[in-house]
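*Asks:* below are the sequence and a predicted model for it; my questions follow.
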Amino acid sequence: MDQVLMIAAEASSVTYAQRILELWKKQGRKIHAFGVGSQEMEDLGFERFGKSEEMAVVGAAEVISHYSDLKKVFNRIVDECEKRRPKVAVVMDYPGFNLMLAKKLHEMKIPVVYYISPQVWAWKKGRVKTIKQYCEKVLVLFPFETKFYEEHQVPVEFVGHPLLDEMDEKLLDPTYLKTHRNQCGIRDDEIVLGLMPGSRRQELKQHFQVQLDTARILAKKHKNLKVVILTAPNFSKDKMLDYLEDFRLPYILLKDEPFRMIHLVDMMLVASGTATLQVGLLHKPMVIMYRVNWLTALIARMIVTSKFFGLVNLILNKFAVPENFQGQANPENLAKQLDRYITDSQHKASVVNDLAQLRQHLGDKGVTERVVKSLDEYLTK
C-alpha cells in the first residue's frame with residue numbers, strides 16, 4: 001500500500017484534501033494517507049497526527065503563541081516520514097510550516113507537490129526560491145499564478161479552482177433562492193445581511209463582535225434588516241452563541257454547506273480569505289474586512305507587495321469590492337459601505353457584474369480528478 005503524506009491545516013484546504021481522499025477511495029486505490037487534517041478526513045481512513053482545527057493560526061504573534069504545539073506536530077511528521085518513506089507529500093497552503101517541512105522531505109528524497117500555492121506573488125516573493133529548491137512541482141488554482149511560477153522556472157500545472165466542483169448551479173436560480181429563503185423564515189421584504197467572521201479562532205475573536213456592531217448600526221436605518229450568521233465548518237453553533245447573548249436583532253444562526261448558506265443573503269460582511277471567493281461566485285455584493293494582532297499587522301504592512309488583499313480583487317485586478325484592514329475595519333466604516341448596496345442600486349448592479357466575471361478566471365470543473373492524475377506519476381497503480 002502506497003503511503004502519502006498530506007498537510008491540510010486550513011479550513012479550505014481540508015475540503016480539497018478530503019475530495020482527494022474520496023476520489024482515491026472511489027477508484028479503489030490502495031493508498032494510506034497520513035499527516036495533518038480534519039475529523040472528516042480521519043473518518044475516510046486518514047491517519048491524523050495534527051488537527052487542522054487546532055493548527056489554523058495566522059500571523060507572527062499568533063504563530064509564536066502556538067509554537068510549541070506546532071513544533072511537536074512538525075517533529076512527529078518528520079519522524080513518521082523517516083519511518084514510512086511516503087511516495088509523495090502533498091502540502092497545501094500554510095507556507096510557514098510547509099516550506100520548512102519541504103526542506104526536510106527534500107533531504108529525505110521524498111517528492112513534495114505543493115497544491116493550493118501560497119500567495120507568494122502577493123507577499124514574501126522570496127519564498128518562490130524555497131519552493132523551487134524543495135518542491136517537485138506546484139499545482140495552482142489561478143491562471144496568473146502559472147505565469148508567475150514559469151517566470152521563476154518552477155515546474156507548475158494549472159488545475160483550476162476546486163470551489164467550482166463544490167458549487168451547485170441551482171444556487172444561482174432566483175426561483176430556488178426565493179423558496180429556500182422562505183423555508184428559512186426569511187420574508188420577501190427583508191434585507192438579508194450575512195456575517196462571515198472567519199474559520200480561525202483568532203478571526204472569530206477579532207471579527208465577530210465588530211460584525212455584530214456593524215449590523216446594529218445598519219439596522220437603525222433599515223428596520224427590515226435580517227442578519228444571517230454563517231458558522232464555519234470547523235466551529236459549532238454553540239461557539240457562535242457565546243457572542244450573541246446581547247444581540248437583539250432578528251437573526252438566523254446557520255451551519256450548513258457554505259455555498260447553501262451564502263446564497264441566502266443579499267450582501268455579505270466577510271473576513272478576507274477563501275470565503276470571499278465563495279461569496280463572489282454567487283454574485284453577492286460584499287465588504288471585506290481583516291483585523292490581526294498589532295505586531296502581525298506591522299509586519300504585513302512591511303512585506304505585502306500587492307495593492308489588494310481581498311481574493312476577489314486580486315483575481316479581478318481591481319477594487320471590485322471594498323476591503324478594510326485593521327483600523328479601517330470599524331463598525332461605522334463597514335456599515336457605511338454596506339449601506340451603499342442598499343441605497344445605490346446602480347452601484348450594487350456594477351459590483352454584481354464584476355463578480356460575475358470571476359468564474360472565467362478559475363478554469364473548469366473536475367479539479368480533483370486533475371490533481372489525482374497529476375499525483376499518479378509518484379504512485380504505483
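*Replies:* Arrived safely.

*Asks:* just the buried positions in the helix or strand that contains Cys81, please.
*Replies:* Using DSSP states H and E, Cys81 sits within helix 67-84. By 16 or more other Cβ atoms under 10 Å, the buried positions in helix 67-84 come out as Leu70, Val73, Phe74, Ile77, Glu80, Cys81. Heads up, the C-betas are built off the backbone N, CA and C, glycines and all.

*Asks:* quick one: which of the residues you listed is nearest to Val210?
*Replies:* Set against Val210, the nearest of those by Cβ to Cβ is Leu70 (27.3 Å).

*Asks:* for Asn313, see how far away the closest one is.
*Replies:* Separation of Leu70 from Asn313 (Cβ to Cβ, to the nearest Å) stands at 30 Å.

*Asks:* and what of Tyr290?
*Replies:* For Tyr290, the distance to Asn313 (Cβ to Cβ) stands at 12 Å.

*Asks:* quick check: neighbours shared by those two?
*Replies:* Overlap of the contact sets of Tyr290 and Asn313 (by Cβ atoms under 8 Å, 6 or more residues apart in numbering) consists of Glu323.

*Asks:* Met1 against His32, yeah?
*Replies:* Yes - look at Met1 against His32 with Cβ atoms under 8 Å: they come within range, at 5.1 Å.

*Asks:* report the central residue of this structure.
*Replies:* Centroid check for the chain by Cα atoms, centre = their mean gives Thr274 as the closest residue, at 3.0 Å.

*Asks:* per-residue pLDDT, that one?
*Replies:* Looking at Thr274, its pLDDT is 88.

*Asks:* picking up where we left off before, more neighbours, Met1 and His32?
*Replies:* Neighbour count, other Cβ atoms under 10 Å: between Met1 and His32, His32 has more, with 15 against 8.

*Asks:* show me the contacts for the more buried one.
*Replies:* Met1, Asp2, Gln3, Val4, Gly45, Glu47.

*Asks:* please report phi then psi for the closest residue to Lys132 other than its chain neighbours.
*Replies:* Closest residue in space to Lys132, ignoring its immediate chain neighbours: Val154 at 4.7 Å, by Cβ to Cβ, 6 or more residues apart in numbering. The phi/psi pair for Val154 (degrees, to the nearest 10) reads phi -100, psi 130.

*Asks:* for Val154, what are its contacts?
*Replies:* Val154 neighbours (Cβ under 8 Å, 6+ apart): Val128, Ile131, Lys132, Cys135, Lys137, Val138.

*Asks:* stretch 22-37: end-to-end distance?
*Replies:* 14 Å (Cα to Cα, to the nearest Å).

*Asks:* for the protein, which segments count as strands?
*Replies:* Ranges of strands in the chain, per DSSP state E, are 2-8, 31-37, 47-51, 88-92, 112-115, 137-140, 156-158, 191-196, 225-230, 251-254, 267-271, 286-290, 323-325.

*Asks:* now the end-to-end length of stretch 150-159.
*Replies:* 15 Å.

*Asks:* near Pro331, how many other residues are there?
*Replies:* Around Pro331 there are 18 residues (other Cβ under 10 Å).

*Asks:* who touches the residue nearest to the centre of the chain in this structure?
*Replies:* By Cβ under 8 Å, 6+ apart, the residues touching Thr274 are Ala11, Ser12, Leu163, Leu311.

*Asks:* how about the nearest residue to the second one, chain neighbours excluded?
*Replies:* Excluding its sequence neighbours, the residue lying closest to Ser12 (Cβ to Cβ, 6+ apart) is Thr274, at 3.9 Å.

*Asks:* for the longest helix along the chain, buried residues please.
*Replies:* Using DSSP state H, we find that the single longest helix of the chain is helix 201-221. Buried residues in helix 201-221, counted by 16+ other Cβ under 10 Å: 201-204, 206-208, 210-216, 218-219.

*Asks:* likewise stretch 95-111?
*Replies:* Pro95, Gly96, Phe97, Asn98, Leu99, Leu101, Ala102, Lys104, Leu105, His106, Ile110, Pro111.

*Asks:* can you map out the helices along the stretch 51-200 of the chain?
*Replies:* 52-55, 60-65, 67-84, 95-107, 127-134, 143-151, 163-166, 174-183 (DSSP state H, counting those that start in this stretch).

*Asks:* CSV please, covering the ones you listed and showing mean pLDDT.
*Replies:* Formatted as CSV, the helices of the stretch 51-200 of the chain follow (pLDDT from 0 to 100):
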stretch, mean pLDDT
helix 52-55, 83
helix 60-65, 50
helix 67-84, 92
helix 95-107, 94
helix 127-134, 92
helix 143-151, 89
helix 163-166, 92
helix 174-183, 95
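
*Asks:* the strands of the chain into JSON lines, with extra columns for distance to Arg19?
*Replies:* Output for these, formatted as JSON lines (distance: least, Cβ to Cβ, whole Å):
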{"stretch": "strand 2-8", "distance to Arg19": "11"}
{"stretch": "strand 31-37", "distance to Arg19": "12"}
{"stretch": "strand 47-51", "distance to Arg19": "17"}
{"stretch": "strand 88-92", "distance to Arg19": "12"}
{"stretch": "strand 112-115", "distance to Arg19": "11"}
{"stretch": "strand 137-140", "distance to Arg19": "13"}
{"stretch": "strand 156-158", "distance to Arg19": "17"}
{"stretch": "strand 191-196", "distance to Arg19": "22"}
{"stretch": "strand 225-230", "distance to Arg19": "21"}
{"stretch": "strand 251-254", "distance to Arg19": "23"}
{"stretch": "strand 267-271", "distance to Arg19": "23"}
{"stretch": "strand 286-290", "distance to Arg19": "25"}
{"stretch": "strand 323-325", "distance to Arg19": "29"}
